[in-house]
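Colleague: structure for the following, please:
(one chain, ligands or ions: 1)
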Amino acid sequence: MQLLIDSPTNDVLVTTPKPRGRTIKALGVGKGDHANYLIQGDNLDVLKALMPSLQGMVRCVYIDPPYNTQENFAHYSDVAKHHDWLAELEERLVLLFRTLTKDGSLWISIDDLGLHYLKVACDRLFGRDKFVATIVWNHRETRENRRVFSFNHEYILVYAKDPVLFNSTRGDFPLSEEILARYKNPDNDPRGPWQSISANVQAGHAVASQFYDVVAPNGKRHFLPQGRCWAYNERRMREEIKQGNIWFGSDGNGAPRVKKFLKDVQRGMAPSTLWTADVAGTTTDAKKHIKSLFPDGHPFDTPKPEKLLHRILQIATQPGDLVLDAYLGSGTTASVAHKTGRRYIGIECGEHAVSICAQRLKMVAQGERGGISSEVDWRGGGGFGFVQAP
Ligand SMILES: C[S@@+](CC[C@H](N)C(=O)[O-])C[C@H]1O[C@@H](n2cnc3c(N)ncnc32)[C@H](O)[C@@H]1O
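Modeller: Numbering: from 1, shown residues only. Predicted coordinates:
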């Protein structure tokens with residue numbers, strides 16, 4: 001079997017017939033280090049060994065731990081007593097949270113049975129103020145008729161080291177075609193396309209200076225509807241009208257509306273908490289992808305689609321940031337990180353660290369075309385180090 005051992009810059013692939021394990025402490029994960037690592041071993045031991053160099057270094061932790069489904073999969077067992085399952089996960093979560101940078105975030109895939117226990121545990125371990133969101137992911141489009149309900153979604157719990165900092169530094173998505181279509185320029189405003197929003201708002205927290213009649217440039221007076229106040233006080237409103245920021249309709253007689261210019265929309269769209277199959281892929285997509293990479297033998301049973309990880313890394317990281325997945329499975333997180341220029345550490349205890357993850361990442365480095373490859377125009381390159389935990 002051939003495995004890739006990284007060169008110091010990861011630019012050159014060096015192959016060796018045997019995994020030449022380095023001591024885990026010697027991994028180069030500091031800022032400026034370009035190395036990617038696949039580590040075979042129990043994540044608790046590995047995290048403990050790595051903690052001195054990993055603490056505060058990881059921009060995004062993503063984990064997809066066994067959900068305790070009581071199933072024995074071909075590559076790992078998912079049968080545990082509920083208490084043991086949660087206790088083992090908690091032990092690792094504490095360490096994983098410590099690896100985060102100040103603007104870092106932790107994402108955990110989980111199903112309906114585990115979500116609520118895990119949410120309470122995470123709130124207790126990290127603090128309720130570190131909670132960011134629960135994402136609902138439509139992971140299957142086919143119906144599951146054997147059960148009382150067809151489970152068509154999973155969850156992703158999101159926590160951040162500092163949710164305010166995370167919010168101001170996270171990635172967002174370009175405005176959709178649908179939203180862009182709302183921006184028009186019926187008055188040929190030289191500032192470009194705009195859309196209008198109501199100039200009056202609910203009067204709940206209004207102050208006295210927000211109640212007056214607005215006088216349009218053509219002299220028409222506009223009165224407030226019941227229970228509403230103007231968004232600005234009278235002086236500011238006059239100034240906004242003078243600046244051409246208030247729209248009174250194409251004939252000048254319409255109710256005042258505030259012009260919002262496309263050029264001022266800095267951040268694109270905030271990510272929604274509802275992730276449909278078309279934007280984040282499905283488990284069926286993921287299995288087909290793995291099957292195409294490993295046509296012989298039993299495919300990995302529970303892979304996540306690359307689209308899902310791509311979305312997470314787009315929100316949580318920038319190219320060059322370090323990503324950590326401590327339950328690597330078939331290697332999806334590492335594959336997506338590799339294709340999108342993030343650095344990564346993937347930990348997997350099973351034999352498939354070698355038979356699937358390492359082989360998959362080798363294919364990725366050689367320009368593998370599945371998953372998100374066409375979306376990100378992936379053409380190959382880079383490498384990774386393989387380490388077996390002692
Ligand atoms: C649900 S799978 C992850 C699937 C992965 N997200 C993917 O896309 O392929 C969970 C993985 O965690 C691994 N695992 C379970 N306990 C572990 C431990 N203590 N240390 C390292 N890996 C572990 C299992 O072997 C399994 O491959």
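
Colleague: alpha carbons only for contacts and neighbour counts from here, please
Modeller: Fine.

Colleague: per-residue pLDDT, the most far-flung residue of the chain relative to its centre?
Modeller: Centroid-distance maximum for the chain: G219 at 51.3 Å, with CA atoms, centre = their mean. G219 is assigned 96 on the pLDDT scale.

Colleague: gap between it and E88?
Modeller: 72 Å (CA to CA, to the nearest Å).

Colleague: now T142
Modeller: 32 Å.

Colleague: residues contacting G249?
Modeller: A255, P256 (CA atoms under 8 Å, 6 or more residues apart in numbering).

Colleague: how close does the closest residue to G227 other than its chain neighbours get to the ligand?
Modeller: Nearest residue to G227, sequence neighbours excluded (CA to CA, 6 or more residues apart in numbering): A203, at 5.5 Å. According to CA to the nearest ligand atom, to the nearest Å, A203 stands 49 Å off from the ligand.

Colleague: dihedrals phi and psi, the closest residue to V215 other than its chain neighbours?
Modeller: Nearest non-adjacent residue to V215, counting by CA to CA, 6+ apart: R221, 4.6 Å away. Main-chain dihedrals, R221, degrees, to the nearest 10: phi -90, psi 140.

Colleague: what's around K161, how many residues?
Modeller: The number of residues packed near K161 is 25, by other CA atoms under 10 Å.

Colleague: you'd agree it is up against W107?
Modeller: No. Distance between K161 and W107: 11.6 Å, which falls outside the contact criterion (CA atoms under 8 Å).

Colleague: shouldn't K287 be within a strand?
Modeller: No. Counting by DSSP: H, G, I helix; E, B strand; the rest coil, K287 falls outside a strand, being helix.

Colleague: what's the burial count for the closest residue to it other than its chain neighbours?
Modeller: Using CA to CA, 6+ apart and skipping the chain neighbours, the partner closest in space to K287 is P303 (6.3 Å). For P303, the count of nearby residues is 22 (other CA under 10 Å).

Colleague: list the residues that contact P303.
Modeller: T283, A286, K287, I290, G329, S330, T332.

Colleague: K161 now?
Modeller: Counted by CA under 8 Å, 6+ apart, K161 has contacts F97, L100, T101, K102, D103, G104, S105, K130.

Colleague: which parts of the stretch 201-350 of the chain sit against the ligand?
Modeller: Contacts of the stretch 201-350 of the chain with the ligand, taken as CA under 6 Å from any ligand atom, map to 302-304, 326-332, 347-350.

Colleague: apply 5 Å and report the result again.
Modeller: Within the stretch 201-350 of the chain, the positions near the ligand by CA under 5 Å from any ligand atom are P303, K304, Y327, G329, S330, T332, E348, C349, G350.

Colleague: for the residues you listed, give me TSV that also has pLDDT, distance to D278 and secondary structure.
Modeller: Below are those laid out as TSV (pLDDT from 0 to 100; distance: CA to CA, whole Å; DSSP: H, G, I helix; E, B strand; the rest coil):
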residue	pLDDT	distance to D278	secondary structure
P303	97	17	coil
K304	98	14	coil
Y327	98	25	coil
G329	98	23	coil
S330	97	22	coil
T332	98	18	helix
E348	97	29	strand
C349	96	32	coil
G350	96	31	coil
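
Colleague: doesn't P52 lie inside a helix?
Modeller: Yes. Assessed with three-state DSSP, P52 lies in a helix.

Colleague: report pLDDT for it.
Modeller: 88.

Colleague: center of the protein, which residue is that?
Modeller: The chain, centroid-nearest residue using CA atoms, centre = their mean: I312 at 1.8 Å.

Colleague: contacting residues around the one helix or strand that one maps to?
Modeller: Using DSSP states H and E, the element containing I312 is helix 306-316. Outside helix 306-316, the residues within contact range by CA under 8 Å, 6+ apart are 59-60, 104-105, 170-172, 271, 279-281, 286, 332-333, 335-337, 371-372.

Colleague: kindly export it (C-alpha atoms) in CSV.
Modeller: C-alpha atoms of helix 306-316 as CSV (Å, rounded to 0.1, in the frame of the first residue of the first chain):
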residue,chain,number,x,y,z
GLU,A,306,-19.0,17.0,0.3
LYS,A,307,-21.5,19.8,-0.3
LEU,A,308,-22.5,19.8,3.4
LEU,A,309,-18.9,20.2,4.5
HIS,A,310,-18.2,22.8,1.8
ARG,A,311,-21.1,24.9,3.2
ILE,A,312,-19.8,24.6,6.8
LEU,A,313,-16.2,25.5,5.8
GLN,A,314,-17.5,28.4,3.7
ILE,A,315,-19.2,29.9,6.8
ALA,A,316,-16.6,28.9,9.4
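
Colleague: mind listing what's buried in it?
Modeller: Residues E306, K307, L308, L309, H310, R311, I312, L313, I315, A316 are the ones in helix 306-316 that count as buried (16 or more other CA atoms under 10 Å).
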